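Student: output the structure for:
(one chain, ligands or ions: 1)
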Amino acid sequence: MMSEAVYDYVIVGGGTAGSVLAARLSEDPDVSVAVIEGGPSDLGDERVLDLRNWINLLGSELDYDYPTVEQPRGNSHIRHSRARVLGGCSSHNTLISFVPFPQDFDEWGAGWDWDTIGPYYDRVQLNIIPVAEKDRNPIALDFVTSAKQALDVSEVDDFNAKPFEDGVGFFSIAYHPENDNRRSSASTAYIHPNLDRPNLTLLLETWVSRIVVSNGRATGVVTDKGVVSARKEVLLCAGAIDTPRLMMLSGIGNASELSALGIAPVHDLPGVGENLLDHPESVIVWETNGPLPPNSVMDSDAGLFIRRDESDPRPDLMFHFYQIPFTTNTERLGYPTVEHGVCMTPNIPRPHSKGRMWLRSSDPAEKPALDFGYFTNPDGYDEQTLVDGFRIARQVAEQEPLRSWLKREIAPGPAVTTDEDLSEYGRRAAHTVYHPAGTCAIGSVVDSDLKVIGVEGLRVADASVFPTMPTVNPMVTVLMIGERAADLIKGVV
Ligand SMILES: Cc1cc2nc3c(=O)[nH]c(=O)nc-3n(C[C@H](O)[C@H](O)[C@H](O)COP(=O)(O)OP(=O)(O)OC[C@H]3O[C@@H](n4cnc5c(N)ncnc54)[C@H](O)[C@@H]3O)c2cc1C
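Tutor: Down below sits the predicted model:
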């Protein structure tokens, strides 16, 4: 179908950052842009557009579903969901939208300080708004009231209005309450309005297996439907797992490790796949006295932030409040399932542990090995954060008006109280908030202009460029990276 396809820019991955780049680069009618996306379109697909259906996409045909390697100090059963659809994970996720904190960029280096990156938030096109009144479930409202009273934190009306030290409230979510709570994703906001641009080509359900590098320059990519060439640049937006995976399959990575797999090294870049970051969380579950009122955006609409370390202005413990019993990991440990329940998920905003990923073989179809190194940090910070979180969650649950909704704590259960037991349970029941990042970090794999160090004509723009994890849910940071990447590629900054 495209044996001689040539475009100015070839974007690998029509996901969160890729959609931003596609829209921004094709604003110039004289520039041709191709987006190669492994998944189908989201257009008219109610499974994707109905935000509350997100949970049913986990493990579905629209999910690449990556396992982790054994986690001796954590949960080895975690599956990392990664979306296979236009819009990428923004077509699959819960669309909780946080402006990152200025200090989150302190270690990102020149060109990525807050004064430079912060203003890109104003360009983000998604419809980001605090949860609408109609969607505020009575139990979530009571969670907010109880947390405020039990912990003496402030109630936050809009988490994106200004940086906050702690607080409880309803999240800001990218959605359309006026249109049946449809998603506002990178695809709906950046691609759908531009589908009629003649200079923007979407190559859907097309898989890129290799980057073509000739004389030190990326000239195009090999797909399952032919070669696609780039006159100007190849832009990697395949996400924090598939971007480094593709680079390694193309011979860009740790040369000795690649040679050992029979992949001819093209450029020795040992940082590719290192620095694998995530936001781990655990879960405490209660059965409720009965069914809950049905209204909600996506069943996890409110949350809580705590600041334990007063030397840093940012919070260091976060909770999502789920108005469903999220028991995937507790059932496996033998805890009961319940028909009606809620949970709180203590989450580590800036974990001390991190890991790495690598290829298991030269076969492009084989999933890579992901080792997040959960809870391997020698200072014990990450597990202590969970332990603190369980105690704080119980304080909130003890406080009226939330208390009257709750029948009993089912996991880990009131008998589990010591640091050791809470840590053991918390690590075994741990889950991911699905935020892998960092595997092609600025400073080690890409330079401050997001150019792959040592290869011409190749840039990365997605969650893999994070040198460190932002305190908050990362999608908005990824969108800001997409916006900044467009400016860097256009040469306007
Ligand atoms: C279930 C879930 C819930 C989440 N909830 C939130 C949340 O509420 N708030 C938040 O801030 N963050 C959330 N996240 C995280 C957030 O969505 C991601 O960090 C972010 O969207 C990643 O963007 P990206 O551009 O790096 O990659 P992606 O959006 O994953 O885009 C990568 C794209 O590349 C395509 N692709 C990959 N490899 C190839 C290839 N070889 N050839 C062709 N195409 C390819 C994929 O199909 C995909 O479309 C969640 C994630 C998940 C999975």
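Student: what's the spacing between Asp106 and the ligand?
Tutor: Distance, Asp106 to the ligand, by CB to the nearest ligand atom, to the nearest Å: 20 Å. Quick note: C-beta positions are derived from backbone N, CA and C, even for glycine.
Student: and that residue, how many neighbours?
Tutor: Neighbourhood size, Asp106 [other CB atoms under 10 Å]: 12.
Student: do Pro67 as well
Tutor: Pro67 is flanked by 14 other residues according to other CB under 10 Å.
Student: ok, the spatially closest residue to it that is not a sequence neighbour - contacts?
Tutor: Spatially, and ignoring its direct neighbours in sequence, Pro67 is nearest to Arg79 (6.0 Å; CB to CB, 6 or more residues apart in numbering). Counting by CB atoms under 8 Å, 6 or more residues apart in numbering, Arg79 makes contact with Leu58, Gly59, Asp65, Tyr66, Pro67, Thr68.
Student: most neighbours among the residues you listed, please name it.
Tutor: When neighbours are counted by other CB under 10 Å, Thr68 leads the contacts of Arg79 with 24 neighbours.
Student: isn't that one right next to Asp278, touching?
Tutor: No: with contact defined as CB atoms under 8 Å, Thr68 does not reach Asp278; the gap is 9.7 Å.
Student: what do these two both touch?
Tutor: Counting by CB under 8 Å, 6+ apart, the common neighbours of Thr68 and Asp278 are Phe372.
Student: so how far is the ligand from Pro198?
Tutor: Look at Pro198 and the ligand: by CB to the nearest ligand atom, they are 23 Å apart.
Student: could you do Val285 as well?
Tutor: Distance, Val285 to the ligand, by CB to the nearest ligand atom: 19 Å.
Student: for the ligand, give me its nearest residue in the stretch 1-150 of the chain.
Tutor: In the stretch 1-150 of the chain, the residue found nearest to the ligand is Gly15; the distance is 1.8 Å by CB to the nearest ligand atom.
Student: spatially nearest residue to that residue (excluding sequence neighbours)?
Tutor: Leaving aside its chain neighbours, Gly15 sits nearest to Gly88 (2.1 Å; criterion: CB to CB, 6+ apart).
Student: for Leu202, give me its contacts.
Tutor: Neighbour list for Leu202: Gly14, Ala34, Val35, Glu37, Ser41, Leu86, Ile191, Leu195 [criterion: CB under 8 Å, 6+ apart].
Student: so it: helix, strand or coil?
Tutor: strand (DSSP: H, G, I helix; E, B strand; the rest coil).
Student: so what's it bridging to?
Tutor: Leu202 has these beta-bridge partners by DSSP bridges: Val35.
Student: if I look at it, how far off is Leu43?
Tutor: According to CB to CB, to the nearest Å, Leu202 stands 10 Å off from Leu43.
Student: give me the common contacts of those two.
Tutor: Residues touching both Leu202 and Leu43 (CB under 8 Å, 6+ apart): Leu86, Leu195.
Student: number of nearby residues for the closest residue to Cys89 other than its chain neighbours?
Tutor: Leaving aside its chain neighbours, Cys89 sits nearest to Ala83 (4.7 Å; criterion: CB to CB, 6+ apart). Residues near Ala83, counting by other CB under 10 Å, number 27.
Student: stretch 439-459 near the ligand at all?
Tutor: No: counting by CB under 6 Å from any ligand atom, the ligand has no neighbours in stretch 439-459; the shortest distance is 10.2 Å.
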